[in-house]
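Asker: Requesting a structural model of the entry that follows:
(one chain, ligands or ions: 1)
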Amino acid sequence: MANLTRDLFIGLSNNKLLNTNAKKWGFRLGAEKFVAGTNIESVIEVVKELNSKGISATLDNLGEFVADKSEAGMAKDEIIQLLETIHNENLDCHVSVKLTQLGLDIERDFCIENMKEILDRAYEYDIFINIDMEKYLHYEKTLDVLHILRKQYTNVGTVIQSYLYRAEEDLEKLKDVRIRLVKGAYKESEDVAYQSKEEIDRNFIVMAKDRLLGDTFTSIATHDHNIINELKQFIEENQISKDKFEFQMLYGFRTEMHDGLAEEGYNFCTYIPFGNDWFGYFMRRLAERPQNMNLVLKDTFYTKDNKLKKEPIIAGMLAISTVILLSKCNKKKKD
Ligand SMILES: Cc1cc2nc3c(=O)[nH]c(=O)nc-3n(C[C@H](O)[C@H](O)[C@H](O)COP(=O)(O)OP(=O)(O)OC[C@H]3O[C@@H](n4cnc5c(N)ncnc54)[C@H](O)[C@@H]3O)c2cc1C
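Answerer: As a prediction, this is how the structure comes out:
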């Protein structure tokens, strides 16, 4: 059942029509708990508050299904505007980008030119740019673009996903690159990725320890308290300097742990997505943790004073989702 729910939400995250329509809806389905606003102004206030608690941030101006050069150009301009705001407001904050948002699927060289414009400005302001890792389909291309950019820029790094069999080997080649280590958010086939939590977790821990013993900065991005506790013990036993790493978590998830780790003196960074293209991001988060579905149902069907809402699009979407889910369950039972 858990796998079916995961497949359903990943399927919804990949649905272009729903992603496009969601931009017009404004926040729905409880998304505002995990996405920090639709514009720069609102997200800046969130960053200021975190900075006042000693927590840094990485901002992701959400964007999915970028299909033409003008859209990718707009995304690049918005990111540069974001860099200017971070600089002018003197925020402790870097920026996370997705290469598909900047035209990777349209033309690789065009995407590289967009990245160079971003990196030139970021370098001027001493801001780090992280390239998020997307589906495996984009994996090789993303690493290629990173290698090209690294010849000219030091303020760029990327993400390694522990569910990939090849992750450890690739990490070895990225010894001098700042890396964010994650488990991996997409549905990948068993040809390329571990499927069991045990194997994914074990690979994560092996790679995290290896990086902690090395010289380059690592962002350990997980909400998994067991992994965090094991790594904290390892850090203490090996007297690893706290300057060499940070913990990262997503905005809205396990917030008490963000504050707790920062209070314990660890570098902590909150990943903050914002913008009106929230649907795909939000569905991937539901895929990871179906318990968040409770928020969906509550926020979708009921107002704050517990009255039933009338929102045909959303209710319809959830009804369709439920039908798909049930039909998959029935099929599975028959199989
Ligand atoms: C900062 C950041 C950036 C990321 N960037 C990328 C990226 O570029 N590419 C990519 O593919 N993926 C990215 N991800 C997503 C990542 O790959 C995982 O899909 C996601 O983090 C879920 O895995 P987990 O490590 O948090 O733990 P999980 O395996 O989801 O959870 C482990 C355990 O932790 C506990 N737990 C987890 N969440 C909660 C919660 N909300 N409340 C209570 N208990 C909880 C539960 O006991 C659970 O069993 C990113 C994640 C983070 C945190």
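
Asker: How about the contacts made by Ala193?
Answerer: Tyr136, Gln161, Tyr163, Leu164, Tyr165, Gly184 (Cβ atoms under 8 Å, 6 or more residues apart in numbering). Glycine gets a C-beta too; all of them are placed from N, C-alpha and C.

Asker: Considering only those residues, which also neighbour the ligand?
Answerer: Gln161, Gly184 (Cβ under 6 Å from any ligand atom).

Asker: Just put the contacts of Ala193 in JSON lines and tack on neighbour count.
Answerer: Below are those laid out as JSON lines (neighbours: other Cβ atoms under 10 Å):
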{"residue": "Tyr136", "neighbour count": "19"}
{"residue": "Gln161", "neighbour count": "24"}
{"residue": "Tyr163", "neighbour count": "24"}
{"residue": "Leu164", "neighbour count": "20"}
{"residue": "Tyr165", "neighbour count": "14"}
{"residue": "Gly184", "neighbour count": "21"}
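
Asker: and Val206, that's in a strand?
Answerer: No - using DSSP: H, G, I helix; E, B strand; the rest coil, the assignment for Val206 is helix, not a strand.

Asker: Name the SS class of the residue lying closest to it once chain neighbours are set aside, please.
Answerer: Spatial nearest neighbour of Val206, chain neighbours left out: Glu168 (6.9 Å); criterion: Cβ to Cβ, 6 or more residues apart in numbering. Local secondary structure at Glu168 is given as helix here, using three-state DSSP.

Asker: Now do the contacts for Glu168.
Answerer: Glu168 touches Asn203, Val206, Met207, Asp210, counting by Cβ under 8 Å, 6+ apart.

Asker: Kindly report the same for Tyr139.
Answerer: Going by Cβ under 8 Å, 6+ apart, the list of residues near Tyr139 reads Met133, Leu164.

Asker: Can you point out the buried residues in the strand or helix carrying Glu117?
Answerer: When elements are assigned from DSSP states H and E, Glu117 belongs to helix 108-124. Across helix 108-124, burial judged by 16 or more other Cβ atoms under 10 Å covers Phe110, Cys111, Ile112, Asn114, Met115, Ile118, Leu119, Arg121, Ala122, Tyr123.

Asker: Out of those, flag the one nearest to the ligand.
Answerer: Distance to the ligand across the buried residues of helix 108-124 (Cβ to the nearest ligand atom) is lowest for Met115, with 15.7 Å.

Asker: got a pLDDT number for the closest one?
Answerer: Met115 carries a pLDDT score of 98 in this model.

Asker: Kindly provide the distance from it to Asn155.
Answerer: 11 Å (Cβ to Cβ, to the nearest Å).

Asker: returning to that earlier point: could you list every helix and strand in contact with the helix holding Glu117?
Answerer: If contacts are counted by 3 or more Cβ pairs under 8 Å, 6 or more residues apart in numbering; DSSP states H and E, helix 108-124 sits against helix 69-88, strand 93-97, strand 129-131, helix 139-150.

Asker: Let me have these in CSV, extended by mean pLDDT and distance to the ligand.
Answerer: As requested, the helices and strands packed on helix 108-124 are exported to CSV (pLDDT from 0 to 100; distance: least, Cβ to the nearest ligand atom, whole Å):
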stretch, mean pLDDT, distance to the ligand
helix 69-88, 96, 16
strand 93-97, 98, 7
strand 129-131, 98, 8
helix 139-150, 98, 10
